[in-house]
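Chemist: after the sequence you'll find the predicted model.
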Amino acid sequence: MLRTGLEERGTALAFGVLITVGELNRRSGPHAREAAPLGAAGALSYALLGENAGQPTHHGVAQVVAVVLAAFLVGCVPHIARGQGPTADQLARRVLTVGFAAVCFQPLYNQGAFAQWRGPAYALLLLALLSLTALCDAVLAAALAHSRTRWPFGPLLRDELRALLGIGSAVVATGAVMALAVAVVGLWALPVFSVPLLLTQLSVRRYAAVRSTYRQTIASLARATEIAGYTPAGHARRVAALSREVGRDLGLSRPELTVLEYAALMHDIGQLSLVDPVPAGATAGLPVAEQRRIALLGGAVVRQTGVDAAVAVVVERQADPFREQPLAARIVRAVNAYEEKARDAGPGGPLTALEELRLATAGDYAPEVVEALARVLSRDCLTSPMGG
């Protein structure tokens, strides 16, 4: 490609513009698996493009990677200027995924291996290649997340595979349809078949906005105990953040982590029903009967707010014997106790609190949860949760 320049420059330019537009519409946020679905679909379509309006194409793997990389970088400029640009591993993942699809298709197509594949068989071939590419992308995404966070690989891969049933399937389908449509009617098919995916992306953004508002509402409800002076400032937020990390370490799925996080945010809301506040909101040292009463009151409050019933179950069972608790309730109970003990134990609080939890695993706290908490804290160098 360096010697001869771009093959079919018009086609390369059209797909480059499409990918750039997709990247310009990139969705910001840490929980977006596919932040730029239109760009991803356009890149995969170009990787599997064999004909343009009935005429064979001759671009190879190197040109596919070069065009995708250039368009990706151009489309990311505004996001980088706002400090919201993609990370290096996202760039590497996009290039590797598209390169994989191109390697599977372009050399064989240019050698005439697919000359006899026509009609439905050719469409199924493209779908099969794109499905294989999507699976490889999921493995790569899970591996990158595992190397970055040290969370268990299995649950990360499971979450990535589950995500394929959502926006991932739309990206795969659109990529295949674009490649087939361009082969028949030419480049005019690109804007036509971009519209459905843009509408899908808009719907996903609205859904994400609703979820964000929902979480903010729960966080506001959780702060009621702080505003009323029942719990220290930031306690619920710290317990929720640490609980989520422990849940990740134990392999909870994304829906389970969401329930866990919401329950951790609202775990002290039952204290609003108390006439006399618990000193410093520290419930871990109360008699078991009093802990259960507060937990049941909290569960009743959560049910009245209209939050998911699974959250209420975790809140109201956090004071039960740990062998009878669901895993999320075990996590909230142990993390809450750790945060309270570390807060009151002085400079050596984290180590002292963790040792107290380990000594109490025979009756009060689940051993596997305490060990997961220890692993999470060791990765954070036993940072105390006391900071705002």
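Modeler: Structure's in. What do you need?

Chemist: would you map the strands across this protein?
Modeler: Under the criterion DSSP state E, the chain contains strands at 51-52, 55-56.

Chemist: out of these, nearest to Ala170?
Modeler: Closest of the strands of the chain to Ala170 is strand 51-52, at 23.7 Å (criterion: Cβ to Cβ). C-beta coordinates here come from the backbone N, C-alpha and C atoms, glycine included.

Chemist: quick one: the residue nearest to Val376 when sequence neighbours are not counted and Ala328, what's the gap?
Modeler: Residue nearest to Val376 in three dimensions, not counting chain neighbours: Glu245, with 4.6 Å by Cβ to Cβ, 6 or more residues apart in numbering. In this view, Glu245 and Ala328 are 14 Å apart by Cβ to Cβ, to the nearest Å.

Chemist: and these two? Which one has more around it.
Modeler: Ala328 (27 against 22; other Cβ atoms under 10 Å).

Chemist: Ala353: how many residues sit nearby?
Modeler: Using other Cβ under 10 Å, Ala353 is surrounded by 25 other residues.

Chemist: Ala334 versus that one, what's the distance?
Modeler: If you measure Ala353 against Ala334 using Cβ to Cβ, the figure is 10 Å.

Chemist: right, and the residue nearest to Val376 touches Arg375 too?
Modeler: No - assessed by Cβ atoms under 8 Å, Glu245 is found out of contact with Arg375, at 9.4 Å.

Chemist: between those two, what contacts are shared?
Modeler: Contact criterion Cβ atoms under 8 Å, 6 or more residues apart in numbering; residues shared by Glu245 and Arg375: none found.

Chemist: ok so, going back, mind checking the strands of the chain for the one nearest to Thr133?
Modeler: The closest of those to Thr133 is strand 51-52. By Cβ to Cβ, the value is 19.7 Å.

Chemist: contacts for the closest one?
Modeler: Applying Cβ under 8 Å, 6+ apart, the external contacts of strand 51-52 come out as Glu8, Thr11, Thr57, Val182, Ala183, Gly186, Leu187.

Chemist: at 6 Å instead, please
Modeler: With contacts defined as Cβ atoms under 6 Å, 6 or more residues apart in numbering, strand 51-52 is touched by Thr11, Val182, Ala183.

Chemist: top of those residues by neighbour count?
Modeler: Val182 (25 neighbours).

Chemist: residues contacting that one?
Modeler: So Val182 contacts Asn52, Ala189 (Cβ under 6 Å, 6+ apart).

Chemist: redo that, cut-off 10 Å
Modeler: 11, 14-15, 45-46, 49-53, 57, 188-190, 193 (Cβ atoms under 10 Å, 6 or more residues apart in numbering).

Chemist: ok, those residues vs Ser147, which is closest?
Modeler: Tyr46 (28.6 Å).

Chemist: how about that closest one: what's its closest non-neighbour residue?
Modeler: Nearest to Tyr46 is Phe15, by Cβ to Cβ, 6+ apart, at 4.2 Å.

Chemist: number of nearby residues for Arg211?
Modeler: Using other Cβ under 10 Å: Arg211 sits among 12 other residues.

Chemist: hmm, I typed the wrong one, I wanted Pro78.
Modeler: Neighbourhood size, Pro78 [other Cβ under 10 Å]: 13.

Chemist: same check on Leu257?
Modeler: 19.

Chemist: can you give me the distance of Leu198 to His79?
Modeler: Here the criterion is Cβ to Cβ. By it, Leu198 lies 18 Å from His79.

Chemist: ok, Glu339 next?
Modeler: The gap separating Glu339 from His79 is 36 Å, by Cβ to Cβ.

Chemist: between the two, who's got more neighbours?
Modeler: Ranked by neighbour count (other Cβ under 10 Å), Glu339 and His79 place Glu339 first, with 26 against 17.

Chemist: before I go, just wanted to say thanks for your time.
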